[in-house]
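Asker: sequence first, predicted coordinates after that:
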Amino acid sequence: MAQKPTIPKGTRDFNAETVAKRNYIIDTIKSQFQLYGFQPIETPSFENSDTLMGKYGDEGDRLIFKILNSGDYLNKISDSEYNLRSESILTSKISEKALRYDLTVPFARYVVQHQNEIDFPFKRYQIQPVWRADRPQKGRFREFYQCDADVVGSTSLFQEVEFIKLYDAVFTALNLEGVTIKINNRKILSGIAEVIGAQDKLIDFTVALDKLDKIGEDKVKAEMLAKGISQNGIDKLQPLFSLSGDFRNQVESLKTILSASNVGLKGIEELEFIDSAITNLGLKTANLQLDVTLARGLNYYTGAIFEVSAPEGVNMGSIGGGGRYDDLTGIFGLKDVSGVGISFGLDRIYLVLEELNLFPQSVKDNTKVLFINFGDKAALFSLNAISELRSHGINAELYPDSAKMKKQMNYANKRDIPYVVIVGEDELNSNTYALKNMSSGEQQKVPLEDLISKLK
RNA sequence: GUGGUUGUAGCUCAGUUGGUUAGAGCGCUGGUUUGUGGUACCAGAUGUCGUGGGUUCGAGUCCCAUCUUCCACCCCA
């Protein structure tokens, strides 16, 4: 056969139904973003490599899609450089642009670049695709959408509170009840690292701790030991592994563990503030849960960190995450602009809603009425009526060919079009329309006004 | 990046120790029905067996490579 075309690994085509469902999620998120006062911006699909490189750690750099320079990109390479066969040197020479890896770093670049036009605190949202050169898996793609909302230019903890409310509002609007919003604070993690004498191994420490619910206490300890954290330090962690009770109880235990760390105590203070505000305001359907093991890989977070997991029983990684970053724009030369933001993983939310069958019937509504085609004269008559219906906001269309009735009916059936209008000799003469309800099979001849009112 | 897994009709899949012309169900097209769909009955079409190489008299089946799928790591939405 002629070689069938394919799409690249980790990418997807979306059919009409999928797009409708995705739009439903996007529209829901968007309207909540706007209710909370966020304004939309968009940034380019690709950025200069040096804007992105080094912002996500070594692992992140590896996963950034690099764009080959145009033209004779080998021209500038000297023989000696070429013969070094060094990936990093060569890459920087032949690739100066890269596809965006997330929306946060481009946003930071945007803020710095447009700082004089922006009114702070700046609340923006952004819904665009991002790309990662990752190996695909369940819920992991190489092209996927992120829906981000961030505020920069305010250190108020009420922003964190607002974001938790926003998560709750979005998932409630999507009828996805019972999601868990896990919260932690980077300062607490720093404090713990300090207490066990592993400040310099903060990243290794948090990455290992993050795996607790997945690989268990013993393996976490083993990994920490392997990363060079002392046995003595690990022993001090013991109370951490046996944290229990509600938010308040856990916080009290943490206070004991962190009594010697100022940073740690500051983190606890922040958590308490957020928790008491949320307790006061209440959440509709989500649960807020303190999770000391929550780490999140991105190293720019400095305060609160969030992660949202799907309701129990759904096997899916996190469907959203975010946190406070005190110095994100610092890397682009703008100091002292604190930001906090959250992200929704559209593609994963889609999979969860699909699994739980939570898409409303209405997202599938397409054409409301199909006019059967019985030749040019009737078709023209029908098109007049169709124009009229459309002006009343009714989705209507004419079957384009004067094909066999059965074929036309079948078409309406396949596309789940709920009504069919038949216009033939009789109807033309009496200036009426035979309106047929496809699910009940009922049919009646009505004038145009009735057609409009019945289909509305 | 590491380890495993998958690919046969539009879809879901069967295909024996290598052996003639590669099958099923669903779907599709047409008909039973010249203005009535979803059910029923009848008839029909569709494949370089993911791609490239190799072994063999002979490969869907064995070997190698490559792409793809899914999964576990790493990391992450």
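Answerer: Everything's here; your move.

Asker: A:Lys414: how many residues sit nearby?
Answerer: A:Lys414 sits with 8 neighbouring residues when counted by other CB atoms under 10 Å. Yep, even glycine has a C-beta here, placed from its N, CA and C like the rest.

Asker: how far away is it from RNA strand B?
Answerer: Applying CB to the nearest atom of the strand, to the nearest Å, one obtains 6 Å for the distance of A:Lys414 from RNA strand B.

Asker: do A:Arg62 as well
Answerer: Counting by CB to the nearest atom of the strand, the gap between A:Arg62 and RNA strand B amounts to 7 Å.

Asker: skipping its backbone neighbours, what lies nearest that residue in space?
Answerer: Once flanking residues are discounted, A:Arg62 sits nearest to A:Ala133: 7.4 Å by CB to CB, 6 or more residues apart in numbering.

Asker: neighbours of the one you found, just the number please.
Answerer: By the measure other CB under 10 Å, the count of residues near A:Ala133 is 15.

Asker: ok, it touching A:Ile64?
Answerer: Yes - with the criterion set as CB atoms under 8 Å, A:Ala133 and A:Ile64 qualify as a contacting pair; they are 6.8 Å apart.

Asker: what sits against A:Ile118?
Answerer: A:Val111 (CB atoms under 8 Å, 6 or more residues apart in numbering).

Asker: wait, is it part of a helix?
Answerer: No - remark: A:Ile118 does not belong to a helix; assigned using DSSP: H, G, I helix; E, B strand; the rest coil, it is coil.

Asker: how about it, phi and psi?
Answerer: The phi and psi values for A:Ile118, taken as degrees, to the nearest 10, are phi -90, psi 140.

Asker: hang on, isn't A:Val421 packed against A:Asn437?
Answerer: No - counting by CB under 8 Å, A:Val421 stays clear of A:Asn437, with 10.9 Å between them.

Asker: compare neighbour counts for these two and give me the winner.
Answerer: Legend: neighbour count by other CB under 10 Å for A:Val421 and A:Asn437, higher for A:Val421 (23 against 13).

Asker: from A:Gly10, how far off is the residue nearest to A:Arg62?
Answerer: Spatial separation of A:Ala133 from A:Gly10 under the definition CB to CB, to the nearest Å is 9 Å.

Asker: what do those two both touch?
Answerer: With CB under 8 Å, 6+ apart applied, the overlap between the contact sets of A:Ala133 and A:Gly10 consists of A:Arg142.

Asker: tally of neighbours for A:Lys30?
Answerer: The local packing of A:Lys30 (other CB under 10 Å) involves 17 other residues.

Asker: not counting sequence-adjacent ones, nearest residue to it?
Answerer: A:Ile127 (6.7 Å).

Asker: which SSE is the one you found in?
Answerer: strand A:122-131 (DSSP states H and E).

Asker: packing partners for the following helix or strand past that strand?
Answerer: Moving toward the C-terminus from strand A:122-131, the first helix or strand encountered (DSSP H and E) is strand A:143-152. Contact partners of strand A:143-152 among helices and strands, from 3 or more CB pairs under 8 Å, 6 or more residues apart in numbering; DSSP states H and E: helix A:16-35, helix A:104-113, strand A:122-131, helix A:158-173, strand A:339-345, helix A:346-355.

Asker: any chance of those in JSON lines, plus distance to RNA strand B and mean pLDDT?
Answerer: Supplementary listing: these in JSON lines, determined by distance: least, CB to the nearest atom of the strand, whole Å; pLDDT from 0 to 100:
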{"stretch": "helix A:16-35", "distance to RNA strand B": "13", "mean pLDDT": "92"}
{"stretch": "helix A:104-113", "distance to RNA strand B": "8", "mean pLDDT": "94"}
{"stretch": "strand A:122-131", "distance to RNA strand B": "8", "mean pLDDT": "95"}
{"stretch": "helix A:158-173", "distance to RNA strand B": "12", "mean pLDDT": "96"}
{"stretch": "strand A:339-345", "distance to RNA strand B": "3", "mean pLDDT": "93"}
{"stretch": "helix A:346-355", "distance to RNA strand B": "4", "mean pLDDT": "88"}
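
Asker: and the helix or strand hosting A:Asn232, what does it pack against?
Answerer: With elements taken from DSSP H and E, the one containing A:Asn232 is helix A:231-236. In terms of contacts (3+ CB pairs under 8 Å, 6+ apart), helix A:231-236 is packed against helix A:217-226.

Asker: I'd like to know which elements the helix it packs on is packed against.
Answerer: Using 3+ CB pairs under 8 Å, 6+ apart as the contact test, the elements touching helix A:217-226 are helix A:202-210, helix A:231-236.

Asker: say whether RNA strand B is contacted by that helix.
Answerer: No - applying CB under 7 Å from any atom of the strand, one finds that helix A:217-226 is not in contact with RNA strand B, the shortest distance being 7.8 Å.

Asker: pull out the buried residues from that helix.
Answerer: Applying a neighbour-count criterion of 16 or more other CB atoms under 10 Å, the buried positions in helix A:217-226 are A:220-221, A:223-224.

Asker: same check, this time on stretch A:140-148
Answerer: Of the residues in stretch A:140-148, those scored as buried under the neighbour-count criterion (16+ other CB under 10 Å) are A:141-148.

Asker: who touches that stretch?
Answerer: Stretch A:140-148 is touched from outside by A:8-12, A:22, A:26, A:29-30, A:33, A:65, A:102-104, A:107, A:125-134, A:136, A:317, A:322, A:341-347, with contacts defined as CB under 8 Å, 6+ apart.

Asker: 7 Å instead, please
Answerer: Residues lying outside stretch A:140-148 but in contact with it, judged by CB atoms under 7 Å, 6 or more residues apart in numbering, are A:9-12, A:29, A:102-104, A:125-134, A:136, A:341, A:343-347.

Asker: surely A:Tyr125 and A:Pro40 touch.
Answerer: Yes - assessed by CB atoms under 7 Å, A:Tyr125 is found in contact with A:Pro40 at 5.6 Å.

Asker: which of these two has more neighbours?
Answerer: More neighbours sit around A:Tyr125 than around the other of A:Tyr125 and A:Pro40, counting by other CB under 10 Å; the figures are 24 against 12.

Asker: tell me how far the more buried one lies from A:Ile181.
Answerer: 18 Å.

Asker: and for A:Asp102?
Answerer: A:Asp102 sits 20 Å away from A:Ile181 when distances are taken as CB to CB.

Asker: of these two, which one has the most company?
Answerer: Under the criterion of other CB under 10 Å, the comparison of A:Asp102 against A:Ile181 puts A:Ile181 first, with 23 against 18.

Asker: report the beta-bridge partners for that one.
Answerer: Going by DSSP bridges, A:Ile181 is paired in beta bridges with A:Leu288, A:Val308.

Asker: which ones are touching it?
Answerer: Taking CB under 7 Å, 6+ apart as the definition of contact, the neighbours of A:Ile181 are A:164, A:167, A:286-289, A:306, A:308.
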